[in-house]
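Chemist: My questions concern the predicted model and sequence given below.
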Amino acid sequence: MIKTPMVFIIGAGASVGYGFPLGEKLVKQIAFHTRAAETAFSRAMVASGVDSADVLRFHGNLRGADPSSIDTFLENNREEFVRVGKAAIALVILLAEAECANQGNLVENPPKDNWLKYIWNVARAGCSAETLLHNRVSFVTLNYDRVLETYLSGVIRSAFNLNPDEATALRVKVFPVVHLHGQVSGVEFGADPAMFLNERLDEIAAGIRVVHDAVPVGDSVFEEAQGMISRADLICCLGFGYHPTNINRLRLRDTKRASARLLGSTFGMGHAEVLQAQAALGLDLTHVPNSGLECEAFLRENVALL
(Lines give C-alpha, C1' and ligand atoms only; values in the text may rest on other atoms or scores of the structure.)
Protein backbone atom coordinates (compact mmCIF):
# COMPACT_ATOMS: atom_id res chain seq x y z
CA MET A 1 0.00 0.00 0.00
CA ILE A 2 1.17 3.53 -0.77
CA LYS A 3 0.13 5.81 2.09
CA THR A 4 2.30 8.81 1.20
CA PRO A 5 0.28 11.28 -0.89
CA MET A 6 2.02 11.30 -4.25
CA VAL A 7 1.35 12.36 -7.80
CA PHE A 8 3.06 11.04 -10.90
CA ILE A 9 3.46 13.46 -13.80
CA ILE A 10 3.56 11.28 -16.89
CA GLY A 11 5.09 12.30 -20.22
CA ALA A 12 5.30 10.57 -23.58
CA GLY A 13 8.53 8.78 -22.68
CA ALA A 14 6.66 6.66 -20.14
CA SER A 15 4.35 5.22 -22.83
CA VAL A 16 6.99 4.36 -25.42
CA GLY A 17 7.62 0.87 -24.07
CA TYR A 18 3.91 0.08 -24.30
CA GLY A 19 3.94 0.95 -28.02
CA PHE A 20 3.11 4.66 -28.26
CA PRO A 21 4.96 7.28 -30.33
CA LEU A 22 7.11 10.05 -28.88
CA GLY A 23 6.56 13.62 -30.10
CA GLU A 24 8.55 13.57 -33.33
CA LYS A 25 7.37 10.10 -34.28
CA LEU A 26 3.77 11.19 -33.71
CA VAL A 27 4.37 14.16 -36.03
CA LYS A 28 5.76 11.85 -38.73
CA GLN A 29 2.82 9.47 -38.47
CA ILE A 30 0.34 12.33 -38.73
CA ALA A 31 2.20 13.68 -41.76
CA PHE A 32 1.96 10.22 -43.36
CA HIS A 33 -1.82 10.01 -42.92
CA THR A 34 -2.41 13.51 -44.32
CA ARG A 35 -0.03 13.21 -47.28
CA ALA A 36 -2.69 12.88 -50.02
CA ALA A 37 -6.39 13.29 -50.68
CA GLU A 38 -6.68 9.54 -51.30
CA THR A 39 -5.58 8.37 -47.84
CA ALA A 40 -8.21 6.74 -45.64
CA PHE A 41 -7.77 9.55 -43.12
CA SER A 42 -8.32 12.28 -45.72
CA ARG A 43 -11.48 10.54 -46.96
CA ALA A 44 -12.77 10.33 -43.37
CA MET A 45 -12.14 14.05 -42.91
CA VAL A 46 -13.99 14.88 -46.11
CA ALA A 47 -16.88 12.66 -44.94
CA SER A 48 -17.09 14.78 -41.78
CA GLY A 49 -17.26 18.01 -43.79
CA VAL A 50 -13.60 19.08 -44.03
CA ASP A 51 -12.36 20.40 -47.36
CA SER A 52 -9.74 18.03 -48.78
CA ALA A 53 -7.63 21.07 -49.69
CA ASP A 54 -7.41 21.93 -45.98
CA VAL A 55 -6.02 18.47 -45.24
CA LEU A 56 -3.33 18.93 -47.87
CA ARG A 57 -2.53 22.44 -46.64
CA PHE A 58 -2.30 21.06 -43.10
CA HIS A 59 0.18 18.44 -44.32
CA GLY A 60 2.30 21.01 -46.15
CA ASN A 61 2.45 23.37 -43.18
CA LEU A 62 3.17 20.56 -40.73
CA ARG A 63 6.08 19.34 -42.84
CA GLY A 64 7.34 22.86 -43.43
CA ALA A 65 7.17 23.88 -39.76
CA ASP A 66 9.26 20.84 -38.76
CA PRO A 67 7.90 20.79 -35.17
CA SER A 68 9.18 18.46 -32.46
CA SER A 69 5.62 17.92 -31.22
CA ILE A 70 2.13 18.15 -32.69
CA ASP A 71 0.96 20.15 -29.67
CA THR A 72 3.26 23.08 -30.42
CA PHE A 73 2.19 23.07 -34.07
CA LEU A 74 -1.53 23.19 -33.25
CA GLU A 75 -1.41 25.77 -30.47
CA ASN A 76 -2.65 29.13 -31.82
CA ASN A 77 -2.98 27.70 -35.34
CA ARG A 78 -5.90 28.03 -37.76
CA GLU A 79 -9.20 26.51 -36.64
CA GLU A 80 -9.41 24.16 -39.63
CA PHE A 81 -5.86 22.91 -38.96
CA VAL A 82 -6.71 22.27 -35.32
CA ARG A 83 -9.71 20.20 -36.41
CA VAL A 84 -7.62 18.13 -38.84
CA GLY A 85 -4.78 17.79 -36.32
CA LYS A 86 -7.02 16.55 -33.51
CA ALA A 87 -8.59 13.94 -35.78
CA ALA A 88 -5.13 12.81 -36.96
CA ILE A 89 -3.94 12.51 -33.37
CA ALA A 90 -7.02 10.42 -32.57
CA LEU A 91 -6.32 8.07 -35.49
CA VAL A 92 -2.66 7.53 -34.58
CA ILE A 93 -3.53 6.89 -30.93
CA LEU A 94 -6.32 4.48 -31.90
CA LEU A 95 -3.85 2.60 -34.11
CA ALA A 96 -1.31 2.44 -31.28
CA GLU A 97 -3.91 1.34 -28.74
CA ALA A 98 -5.10 -1.42 -31.08
CA GLU A 99 -1.52 -2.63 -31.56
CA CYS A 100 -0.89 -2.46 -27.81
CA ALA A 101 -3.97 -4.59 -27.17
CA ASN A 102 -3.20 -7.05 -29.97
CA GLN A 103 0.39 -7.53 -28.80
CA GLY A 104 -0.64 -7.83 -25.14
CA ASN A 105 1.77 -5.06 -24.17
CA LEU A 106 -0.03 -4.23 -20.93
CA VAL A 107 -0.01 -7.66 -19.24
CA GLU A 108 0.71 -10.69 -21.43
CA ASN A 109 3.78 -9.32 -23.22
CA PRO A 110 4.86 -6.23 -21.30
CA PRO A 111 7.98 -4.18 -21.99
CA LYS A 112 11.15 -4.57 -19.96
CA ASP A 113 10.51 -1.12 -18.49
CA ASN A 114 7.20 -2.16 -16.91
CA TRP A 115 6.81 0.67 -14.41
CA LEU A 116 3.02 0.33 -14.32
CA LYS A 117 3.26 -3.20 -12.92
CA TYR A 118 5.78 -2.04 -10.32
CA ILE A 119 3.54 0.76 -8.99
CA TRP A 120 0.45 -1.47 -9.06
CA ASN A 121 2.03 -4.31 -7.10
CA VAL A 122 3.32 -1.96 -4.41
CA ALA A 123 -0.11 -0.31 -4.12
CA ARG A 124 -1.92 -3.67 -4.18
CA ALA A 125 0.21 -5.37 -1.50
CA GLY A 126 -1.90 -6.45 1.46
CA CYS A 127 -5.08 -4.81 0.15
CA SER A 128 -8.63 -5.97 -0.28
CA ALA A 129 -10.93 -4.11 -2.65
CA GLU A 130 -12.05 -2.02 0.32
CA THR A 131 -8.60 -1.20 1.72
CA LEU A 132 -7.22 -0.45 -1.75
CA LEU A 133 -8.98 2.89 -1.26
CA HIS A 134 -6.39 3.79 1.38
CA ASN A 135 -3.74 4.28 -1.32
CA ARG A 136 -2.82 7.92 -1.98
CA VAL A 137 -1.70 7.88 -5.61
CA SER A 138 -2.80 10.08 -8.49
CA PHE A 139 -1.61 10.68 -12.05
CA VAL A 140 -1.32 13.78 -14.22
CA THR A 141 -0.56 12.81 -17.81
CA LEU A 142 0.29 14.84 -20.88
CA ASN A 143 -0.36 11.79 -23.07
CA TYR A 144 -3.37 11.14 -25.28
CA ASP A 145 -3.28 7.36 -24.79
CA ARG A 146 -5.36 5.54 -22.17
CA VAL A 147 -2.71 3.10 -20.99
CA LEU A 148 -2.93 4.21 -17.35
CA GLU A 149 -6.64 3.75 -16.85
CA THR A 150 -6.89 0.66 -19.05
CA TYR A 151 -4.10 -1.17 -17.24
CA LEU A 152 -5.22 -0.18 -13.74
CA SER A 153 -8.90 -0.97 -14.34
CA GLY A 154 -7.91 -4.33 -15.83
CA VAL A 155 -5.70 -5.47 -12.97
CA ILE A 156 -8.21 -4.26 -10.37
CA ARG A 157 -10.94 -6.25 -12.13
CA SER A 158 -8.89 -9.45 -12.12
CA ALA A 159 -7.43 -9.01 -8.63
CA PHE A 160 -10.80 -8.57 -6.96
CA ASN A 161 -13.13 -10.46 -9.32
CA LEU A 162 -15.15 -7.37 -10.28
CA ASN A 163 -17.18 -6.64 -13.37
CA PRO A 164 -15.82 -3.95 -15.73
CA ASP A 165 -18.02 -1.16 -14.40
CA GLU A 166 -17.16 -1.97 -10.78
CA ALA A 167 -13.45 -2.09 -11.60
CA THR A 168 -13.56 1.24 -13.41
CA ALA A 169 -15.46 2.90 -10.58
CA LEU A 170 -12.93 1.65 -8.03
CA ARG A 171 -9.98 2.70 -10.22
CA VAL A 172 -11.34 6.25 -10.48
CA LYS A 173 -11.44 6.49 -6.69
CA VAL A 174 -8.10 4.82 -6.00
CA PHE A 175 -5.98 6.04 -8.93
CA PRO A 176 -7.46 9.26 -10.38
CA VAL A 177 -6.02 10.25 -13.76
CA VAL A 178 -6.07 13.74 -15.28
CA HIS A 179 -5.33 14.10 -19.00
CA LEU A 180 -4.08 17.65 -19.52
CA HIS A 181 -4.31 17.36 -23.31
CA GLY A 182 -7.35 15.12 -23.41
CA GLN A 183 -7.85 11.70 -24.94
CA VAL A 184 -9.89 9.94 -27.61
CA SER A 185 -13.49 9.52 -26.53
CA GLY A 186 -16.35 7.12 -27.13
CA VAL A 187 -14.17 4.20 -28.24
CA GLU A 188 -12.94 1.18 -26.29
CA PHE A 189 -9.21 0.72 -25.87
CA GLY A 190 -7.99 -1.66 -28.58
CA ALA A 191 -10.90 -1.13 -30.96
CA ASP A 192 -10.14 -1.58 -34.66
CA PRO A 193 -9.48 1.93 -36.05
CA ALA A 194 -10.75 0.82 -39.47
CA MET A 195 -14.24 0.89 -37.95
CA PHE A 196 -13.91 4.64 -37.36
CA LEU A 197 -12.31 5.83 -40.58
CA ASN A 198 -15.50 7.67 -41.46
CA GLU A 199 -17.33 10.78 -40.29
CA ARG A 200 -17.15 9.45 -36.70
CA LEU A 201 -13.41 10.10 -36.52
CA ASP A 202 -14.07 13.82 -36.14
CA GLU A 203 -16.48 13.07 -33.31
CA ILE A 204 -14.03 10.72 -31.57
CA ALA A 205 -11.35 13.42 -31.72
CA ALA A 206 -13.53 15.81 -29.70
CA GLY A 207 -11.84 14.63 -26.51
CA ILE A 208 -8.42 15.87 -27.69
CA ARG A 209 -7.54 19.23 -26.13
CA VAL A 210 -5.44 21.95 -27.74
CA VAL A 211 -4.28 24.38 -25.06
CA HIS A 212 -3.62 27.90 -26.33
CA ASP A 213 -2.90 29.73 -23.08
CA ALA A 214 0.66 29.91 -21.74
CA VAL A 215 -0.73 29.68 -18.20
CA PRO A 216 -4.38 28.55 -18.30
CA VAL A 217 -6.62 30.41 -15.86
CA GLY A 218 -9.98 28.97 -14.87
CA ASP A 219 -9.31 25.74 -16.77
CA SER A 220 -10.92 22.95 -14.72
CA VAL A 221 -8.52 20.27 -16.00
CA PHE A 222 -5.41 22.22 -15.05
CA GLU A 223 -6.97 23.25 -11.75
CA GLU A 224 -7.64 19.59 -10.91
CA ALA A 225 -4.03 18.71 -11.75
CA GLN A 226 -2.71 21.61 -9.69
CA GLY A 227 -4.88 20.47 -6.78
CA MET A 228 -3.33 16.99 -6.95
CA ILE A 229 0.15 18.54 -6.93
CA SER A 230 -0.66 20.86 -4.02
CA ARG A 231 -1.78 17.93 -1.84
CA ALA A 232 1.19 15.69 -2.62
CA ASP A 233 4.14 15.00 -0.35
CA LEU A 234 5.99 13.52 -3.31
CA ILE A 235 5.85 14.55 -6.97
CA CYS A 236 7.50 12.19 -9.43
CA CYS A 237 8.03 12.98 -13.12
CA LEU A 238 8.32 9.96 -15.45
CA GLY A 239 9.06 10.23 -19.17
CA PHE A 240 8.47 13.97 -18.85
CA GLY A 241 10.32 16.30 -21.25
CA TYR A 242 10.24 19.34 -18.93
CA HIS A 243 9.16 21.70 -21.69
CA PRO A 244 9.01 25.17 -20.07
CA THR A 245 5.46 25.74 -21.36
CA ASN A 246 4.19 22.56 -19.69
CA ILE A 247 5.98 23.43 -16.46
CA ASN A 248 4.45 26.92 -16.49
CA ARG A 249 0.99 25.54 -17.19
CA LEU A 250 1.23 23.19 -14.23
CA ARG A 251 2.51 26.07 -12.07
CA LEU A 252 4.85 23.64 -10.34
CA ARG A 253 6.84 26.33 -8.56
CA ASP A 254 3.72 27.94 -7.10
CA THR A 255 1.63 24.83 -6.53
CA LYS A 256 4.17 22.48 -4.96
CA ARG A 257 4.28 22.73 -1.17
CA ALA A 258 7.66 23.74 0.25
CA SER A 259 7.93 20.48 2.19
CA ALA A 260 7.05 18.27 -0.80
CA ARG A 261 9.79 16.44 -2.67
CA LEU A 262 10.05 16.51 -6.44
CA LEU A 263 11.91 13.75 -8.23
CA GLY A 264 12.30 13.55 -11.98
CA SER A 265 13.73 11.01 -14.38
CA THR A 266 16.05 12.35 -17.10
CA PHE A 267 16.36 9.25 -19.27
CA GLY A 268 17.60 10.11 -22.77
CA MET A 269 18.31 13.76 -21.91
CA GLY A 270 21.63 15.49 -22.54
CA HIS A 271 23.46 17.48 -19.87
CA ALA A 272 22.39 20.83 -21.32
CA GLU A 273 18.76 19.63 -21.50
CA VAL A 274 18.89 18.68 -17.81
CA LEU A 275 20.22 22.15 -16.96
CA GLN A 276 17.42 23.75 -18.98
CA ALA A 277 14.84 21.60 -17.17
CA GLN A 278 16.28 22.63 -13.81
CA ALA A 279 16.10 26.29 -14.77
CA ALA A 280 12.45 25.94 -15.80
CA LEU A 281 11.58 24.01 -12.63
CA GLY A 282 13.62 26.16 -10.30
CA LEU A 283 14.69 22.88 -8.73
CA ASP A 284 17.79 20.71 -8.76
CA LEU A 285 17.41 17.39 -10.59
CA THR A 286 21.05 16.43 -10.22
CA HIS A 287 20.66 15.52 -6.55
CA VAL A 288 18.76 12.43 -7.66
CA PRO A 289 21.19 9.55 -8.14
CA ASN A 290 20.82 7.62 -11.38
CA SER A 291 18.13 9.98 -12.68
CA GLY A 292 19.00 8.84 -16.21
CA LEU A 293 17.49 5.40 -15.69
CA GLU A 294 14.32 4.17 -17.41
CA CYS A 295 11.07 4.56 -15.50
CA GLU A 296 10.89 1.33 -13.49
CA ALA A 297 14.59 1.34 -12.62
CA PHE A 298 14.32 5.03 -11.66
CA LEU A 299 11.46 4.22 -9.29
CA ARG A 300 13.28 1.28 -7.73
CA GLU A 301 16.41 3.37 -7.16
CA ASN A 302 14.93 6.68 -6.05
CA VAL A 303 11.27 6.56 -5.01
CA ALA A 304 10.16 5.00 -1.74
CA LEU A 305 6.60 3.91 -2.45
CA LEU A 306 5.39 3.80 1.14
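Modeler: Here it is on my side, so go on.

Chemist: Now do the helices for this structure: every range, in order, please.
Modeler: 23-33, 40-47, 52-65, 70-74, 79-103, 115-124, 147-160, 164-174, 200-204, 220-231, 244-250, 252-255, 271-281, 295-302 (DSSP state H).

Chemist: can you put these in JSON lines and add distance to Gly186, mean neighbour count and mean pLDDT?
Modeler: Quick note: C-beta positions are derived from backbone N, CA and C, even for glycine. As requested, those are arranged in JSON lines below (distance: least, Cβ to Cβ, whole Å; neighbours: other Cβ atoms under 10 Å; pLDDT from 0 to 100):
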{"stretch": "helix 23-33", "distance to Gly186": "20", "mean neighbour count": "18", "mean pLDDT": "96"}
{"stretch": "helix 40-47", "distance to Gly186": "15", "mean neighbour count": "19", "mean pLDDT": "95"}
{"stretch": "helix 52-65", "distance to Gly186": "22", "mean neighbour count": "17", "mean pLDDT": "97"}
{"stretch": "helix 70-74", "distance to Gly186": "21", "mean neighbour count": "22", "mean pLDDT": "95"}
{"stretch": "helix 79-103", "distance to Gly186": "10", "mean neighbour count": "21", "mean pLDDT": "97"}
{"stretch": "helix 115-124", "distance to Gly186": "24", "mean neighbour count": "19", "mean pLDDT": "98"}
{"stretch": "helix 147-160", "distance to Gly186": "15", "mean neighbour count": "20", "mean pLDDT": "98"}
{"stretch": "helix 164-174", "distance to Gly186": "15", "mean neighbour count": "16", "mean pLDDT": "98"}
{"stretch": "helix 200-204", "distance to Gly186": "6", "mean neighbour count": "19", "mean pLDDT": "91"}
{"stretch": "helix 220-231", "distance to Gly186": "18", "mean neighbour count": "17", "mean pLDDT": "96"}
{"stretch": "helix 244-250", "distance to Gly186": "26", "mean neighbour count": "18", "mean pLDDT": "90"}
{"stretch": "helix 252-255", "distance to Gly186": "32", "mean neighbour count": "16", "mean pLDDT": "89"}
{"stretch": "helix 271-281", "distance to Gly186": "35", "mean neighbour count": "14", "mean pLDDT": "89"}
{"stretch": "helix 295-302", "distance to Gly186": "30", "mean neighbour count": "19", "mean pLDDT": "95"}
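
Chemist: So for Ala14, which of those sits nearest?
Modeler: Closest approach to Ala14 among those (Cβ to Cβ): helix 295-302, 5.4 Å.

Chemist: quick one, which of the helices of the chain is nearest to Gly190?
Modeler: So among those, helix 79-103 is nearest, using Cβ to Cβ, at 2.9 Å.

Chemist: Would you mind getting the angle between the closest one and helix 52-65?
Modeler: 80 degrees (axes from the mean of the first three to the mean of the last three Cα atoms, to 10 degrees).

Chemist: measure Phe58 to Lys86 for me?
Modeler: For Phe58, the distance to Lys86 (Cβ to Cβ, to the nearest Å) stands at 11 Å.

Chemist: Could you do Ser48 as well?
Modeler: From Ser48 to Lys86 the distance is 11 Å (Cβ to Cβ).

Chemist: Same check on Ser42?
Modeler: In this view, Ser42 and Lys86 are 15 Å apart by Cβ to Cβ.

Chemist: This completes my enquiry, with thanks.
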